[in-house]
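Engineer: fold the following and give me the result.
(2 chains)
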Amino acid sequence: MNKEIRKKIIDMVYKAGDGHIPSGLCIVEILNVLYRDILKYDPKNPKWEGRDYFILSKGHGSDGFYVILEKYGFLTQKDLDTFTKYDSKLGGLADRTKVPGVEAAGGSLGHGFPVSLGMSLGLRIQGKSNRVFVLIGDAECNEGAVWETVLLAAHHRLGRLYCIVDDNKSSSQILEMGSISEKFRAFGWNAYDVDGHNEEALLDVFKKLPNEAYGKPTAIIAHTIKGKGAKMLEGHGVWHSKAPNTEEYAQIMEQLED
Amino acid sequence: MRYMFEMKNQFARTMYEVGQVNPKLVVVVGDLCHWAMQPFAKACPGRYYNTGVTEAATIGLGAGLSAVGLIPVVHLIAPFMVERSFEFIKLDFSYNEFPGNLVSAGSSFDYSFLGATHHTYTDYATLKTLPKTQLIYPAAPQEFDLLFRQTYNNDFLTYFRLPQTEHGVSIDKNKIKVGTGIKIKDGEDITIVATGSQLKSAVESAETLKKMDYDPEIIYIHTLKPLDTKLITSSAEKTKKIITMEEHSIIGGLYADVLEAVKEIPGVKVSPIAIPADFLRGYGGYEDHCKALGLTAEGIVKKVKTDFRRKK
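Structural biologist: Predicted coordinates:
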C-alpha cells in the first residue's frame, strides 16, 4: 500500500477543505502502476504525439490523480497546495484546458469513456499505435452511455482501448451490478479481474494486455476498497465528500501508519 | 417542395468531395443517410462509421476524434442529437474545447406525421447557450455545401440544421457567407426576417402585401449564430416594423435574438410567427403544420393586418 501517496492526498484535501478522499484512495495503486510502468508520456511535453492516453472518467478520484500527476512530473507541490481554490488549475473535477496531463473532463459520469472510444478510433484511423486507457467506476456502470460505448468498442474491434473499472462496490449500495467482467465479456470484450490494491497483480495484468490495432478491447476489473488505507475512511459513509478537521486529520494520518 | 433526398444527397456529396481533399474528415452517422454515404465510405476508407442508435456515446465518440486531431462530422436525427445528448455536446465538445461539426436532419416538425417524440423546436435555443458554437440553417443544398466548406475546419463547434424543405429562392452563391444575412428584397415600411424554409413564405407574401400598399424588406438568415445583427438593425431603423419567421420555438429563437438586437432602437415593434411553447400534437404533413402555425404567406399577411394595421 502506498502510504506516501495517500498521505499527500489527505494533506491536500485537508488544506483545501474540499475533496473526495475515498474515491482517490481506492485508485492509488492502479494509477501508480500505470504511470510508473505502463503509460508512455513526457511530463515536459504533455501533448507529445507518441503518448498513451489516460482519461479519468470517474472524475471524483481527482485528488488521487493530481497527486500521481505531481509524483510523475506534470504538476508541482505548489499546484497541489492550491487544490480547489478559486484561481487554482486544480478543481474538484479536472478541467483538461487547465491541467497538464488531463485529456478530457470526467466526473459527470459516463462521459470520459465514450470520449476515449473516439480517441482510440481516431488514433487507429491515423495509423497510430498509441494506447488509450480509461478509468471508470462500478457505479458509473449504471450509466447507459457506458454500455453504448462497450457495444461500439467491441463492434469496431478497438484492440488498443483499455477500460479499467474501479470496482469499489459503490453501486451495490444501491443497484447490484453482479459480475462486471461477465458483462463486458458478454459484449465481446476481454475482461480480467484483479486485486486493485496489489501492485504486482496489477502490473502482471497490465503487462500482458493485448496490443493490436484490431482485436477485442480489454476491461480490467480492479476490485478495490473505497477509502483504502485508513479504517475510518473505508466504506460508503459520510467520508465520500467530507474533508477532515484537525483532529480527524491526525487520526487518519495515524491510521495510515498502522 | 419536399426535397429530403436532395438534401441528403447533397450532404453525402459534400462529404465525398471534402473528404477526398481533407484526410482528417471523419463522418459518423446514427443510422441516417447510410446508403447515400457509401461513395464516401468507398473513397475515404476507414473514415465512415454508422453507430446505430447510440446517440449519447456517438457524440462523445465525435469529441474523442476531435481530441486526437481529426475533424468529426456527426450526423443524427435532431431531437436525439440535441435534446437527448445535450450534456454530451456541452461537456465532451464544448467544455473540453474540442471543435467539430454536428449535422442534424429531422428538426422542428419535419417528421410531422410521427408526432412530438420526433420533433425538436428548441435546438437553436439550446445550443446557442454554449460557448464557441456556430449555428447554421441552410435551407438549400447549395447553401449547405458552401457554408460547410467555409467553416468545417475552424475552432468552433458548428451545428448545421438541415431541413427537409427548401426555400426555393434563387440566391447568388457569392452572397452566401457564414455569419452574413442576405437582403433578398429592398423595402420601405416593414421588414420580414425569415430563417430556413420560411424564406419561401416571406417571398410569396410580398405580392399580396404590395396590394395592401406595403413594401416589405425581406432578410434571409442562414446563420443564426453569429447573427448578422447589423443587417437587421439597419432595416429596423428604416421600417420600425419587423415580422420574424421561423420553424423554431418562440422561446430562444430568431424572434428572441431579433428583439435583443433592436432593443436600443426607439419605436420598433417585432412580431413573431413561430412555434408556441407547447408540443405540436397534430400529425399530417409538413404543410399542415405550417398552415396551422401561420408559417405561410397567408400567415404573414394576417400578421400584418392584426399587428401592423395602419391607422386611417
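Engineer: where does A:Glu70 land in three-state SS?
Structural biologist: Three-state assignment for A:Glu70 (DSSP: H, G, I helix; E, B strand; the rest coil): helix.
Engineer: how about the nearest residue to it, chain neighbours excluded?
Structural biologist: A:Leu80 (5.5 Å; C-beta to C-beta, 6 or more residues apart in numbering or on different chains). To be clear about C-beta, it is placed using only N, CA and C from the backbone, and glycine gets the same treatment.
Engineer: quick one: secondary structure of B:Gly299?
Structural biologist: B:Gly299 - assigned by three-state DSSP - is helix.
Engineer: run a quick neighbour tally on the residue in the stretch 151-300 of chain B that chain A sits nearest to.
Structural biologist: Nearest residue of the stretch 151-300 of chain B to chain A: B:Asp155, at 12.9 Å (C-beta to the nearest C-beta). Close neighbours of B:Asp155, defined as other C-beta atoms under 10 Å in any protein chain shown, add up to 8.
Engineer: backbone torsions only: list them for it.
Structural biologist: phi -90, psi 10 (degrees, to the nearest 10).
Engineer: wait, it sits on B:Lys132?
Structural biologist: Yes: B:Asp155 lies in contact with B:Lys132 (C-beta atoms under 8 Å); the separation is 7.0 Å.
Engineer: from B:Gly253, how far out is the residue nearest the centre of chain B?
Structural biologist: Geometric centre of chain B, nearest residue: B:Tyr137, 2.4 Å, by C-alpha atoms, centre = their mean. Distance of B:Tyr137 to B:Gly253, computed by C-beta to C-beta, to the nearest Å: 11 Å.
Engineer: kindly report the same for B:Lys210.
Structural biologist: B:Lys210 is 28 Å from B:Gly253, where distance means C-beta to C-beta.
Engineer: neighbour-wise, which of the two wins?
Structural biologist: Using other C-beta under 10 Å, the more surrounded residue of B:Lys210 and B:Gly253 is B:Gly253, with 24 against 12.
Engineer: okay, A:Met1: pLDDT?
Structural biologist: For A:Met1, the pLDDT comes out at 79.
Engineer: and for it, the neighbour number?
Structural biologist: Count around A:Met1 with other C-beta under 10 Å applied: 13.
Engineer: now do it against chain B, distance only.
Structural biologist: 34 Å (C-beta to the nearest C-beta, to the nearest Å).
Engineer: same question for A:Lys231.
Structural biologist: Taken as C-beta to the nearest C-beta, the span from A:Lys231 to chain B is 36 Å.
Engineer: SS state for the closest residue to that residue other than its chain neighbours?
Structural biologist: Closest residue in space to A:Lys231, ignoring its immediate chain neighbours: A:Gln255 at 5.5 Å, by C-beta to C-beta, 6+ apart. Under the three-state scheme (three-state DSSP), A:Gln255 adopts helix.
Engineer: in contact with A:Gln255, which residues?
Structural biologist: A:Gly229, A:Ala230, A:Lys231, A:Met232, A:Leu233 (C-beta atoms under 8 Å, 6 or more residues apart in numbering or on different chains).
Engineer: out of those, which are buried?
Structural biologist: A:Gly229, A:Ala230, A:Leu233 (16 or more other C-beta atoms under 10 Å in any protein chain shown).
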